[in-house]
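Model the structure of this input:
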Amino acid sequence: MLEIDYLPTYAQALLVTAIFAGATVTGLYVVRRRVEPEALRTDHDVAGFTFGVIGAFYGVVLAFVIVAAWQRFERANDQVQAESLAVSNLYNLAEGLSGPGRVEMRSALRAYTANVLGAEWKQMAEGRFSPDQKPVQNLWDIIMKARPATPQEQVFLDKSIDQLTELSDLRRLRYVYYSQNLPVVIWIVIYVGCIITLGFSYFFVTRRFRQQALMCGTFAALIGLTILAISELATPYQGAVVVSDQAFRVLAASMELPAPGTVSSIDGLPGASRAGVVQK
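Here you go, the predicted model:
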């Protein structure tokens, strides 16, 4: 569904509903034209039992996958929250460093935040984000050059190292959640199971074709919408439903960075701009 990922959510829902329902009703029409209704009615008992088993199994599979995808989406969101908190903690801890180190650290953290909002979020949304560790390495270079003159400064430096270590890990995890999708075998099970389940609905026949077409179309639309939800949740930083950058926007405001959407420059980096939204 990559082709429709960037459409508004309501447009995606309408398009998926039309495709799944239309294809299913078309298939039903072809079957009804080629198979006598009486031939299907004689096997309703066996077909009904088989369809119930297959439908239950496929429903369990979809439920399991959508819950797993939602939990993964939530973890990605939590990682972003934690990353912004690590940056905020480092910004506050920099107050305990000596003069030059404090200024350099805060300037680098402001640049890091502006880069996340102004460049990285857009790159993730467009699928061209690369695991560049230079922004974090700049912070490590500043920390490694710090020379505490008092025991109090040493405490602040130790805490800063702990927070920077966490920030480095969280940044790598953000790339992991960005770059990984559901395993291919899961998508095979989803789509093959969809075809089999919808195909089994053709083994039944009603007195009026419109009634069966309505039932099959509604059933297919529900399956299509579920698959759409799984597809959106499987890519936390791409598509119409993504992890919000609100945590970094709040952080930028606390650092008195320019409001997202304005043009500015912080240590040579572009100002923050709105690149990710929860829902288009």
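
list the helices and strands the lengthiest helix in the chain packs on?
Using DSSP state H, we find that the single longest helix of the chain is helix 44-93. On a contact count with 3 or more Cβ pairs under 8 Å, 6 or more residues apart in numbering; DSSP states H and E, helix 44-93 meets helix 99-115, helix 151-179, helix 184-200, helix 209-233, helix 246-254. In short, each C-beta sits where N, CA and C put it, glycine included.

Quick one: work out the angle between the fourth one and helix 184-200.
I take that to be helix 209-233. 170 degrees (axes from the mean of the first three to the mean of the last three Cα atoms, to 10 degrees).

go on, the last one?
Using the same axes, to 10 degrees, the interaxial angle of helix 246-254 with respect to helix 184-200 works out to 130 degrees.

Residue 143 reaches residue 160, doesn't it?
Yes: in this structure residue 143 lies within contact range of residue 160 using Cβ atoms under 8 Å: 6.0 Å.

Those two: which is more packed in?
Neighbour tally, residue 143 and residue 160, criterion other Cβ atoms under 10 Å: the higher count belongs to residue 160, 23 against 20.

distance of that one from residue 255?
16 Å (Cβ to Cβ, to the nearest Å).

now do residue 15
Residue 15 is 41 Å from residue 255, by Cβ to Cβ.

same question, residue 161
Separation of residue 161 from residue 255 (Cβ to Cβ) stands at 21 Å.

and residue 188, how many neighbours does it have?
For residue 188, the neighbour count with other Cβ under 10 Å is 10.

ugh, wrong one, residue 195
Neighbours of residue 195 (other Cβ under 10 Å): 11.

Report pLDDT for it.
Per-residue pLDDT puts residue 195 at 93.

and what of residue 260?
For residue 260, the predicted pLDDT is 54.

likewise residue 269?
On the pLDDT scale, residue 269 is placed at 40.

go on, the one 4 residues further on?
Looking at residue 273, its pLDDT is 35.

same question, residue 179
For residue 179, the pLDDT comes out at 89.

show me what contacts the residue nearest the centre of the chain?
In the chain, the residue lying closest to the centroid (Cα atoms, centre = their mean) is residue 236, at 1.2 Å. By Cβ atoms under 8 Å, 6 or more residues apart in numbering, the contact set of residue 236 is 72, 73, 76, 77, 177, 178, 242, 243.

Are we agreed that it is in a helix?
No: checked against DSSP: H, G, I helix; E, B strand; the rest coil, residue 236 lies outside a helix; its state is coil.

From residue 113, how far off is it?
Taken as Cβ to Cβ, the span from residue 236 to residue 113 is 20 Å.

Could you report the pLDDT at the residue nearest to the centre of the chain?
Residue 236 carries a pLDDT value of 92.

Give me the spatial nearest neighbour of it, chain neighbours excluded.
Leaving aside its sequence neighbours, residue 236 sits nearest to residue 76 (Cβ to Cβ, 6 or more residues apart in numbering; 3.8 Å).

May I ask which helix or strand encompasses the residue in the chain sticking out farthest from the centre?
Going by Cα atoms, centre = their mean, the residue of the chain most distant from its centre is residue 38, 48.1 Å out. Using DSSP states H and E, residue 38 falls within helix 37-41.

ok, now residue 244?
Applying DSSP H and E, one finds residue 244 in no helix or strand.

Please look at it and residue 77 and confirm they touch.
Yes: the criterion here is Cβ under 8 Å, and residue 244 meets it with residue 77 at 7.4 Å.

distance of residue 25 from residue 117?
Separation of residue 25 from residue 117 (Cβ to Cβ): 46 Å.
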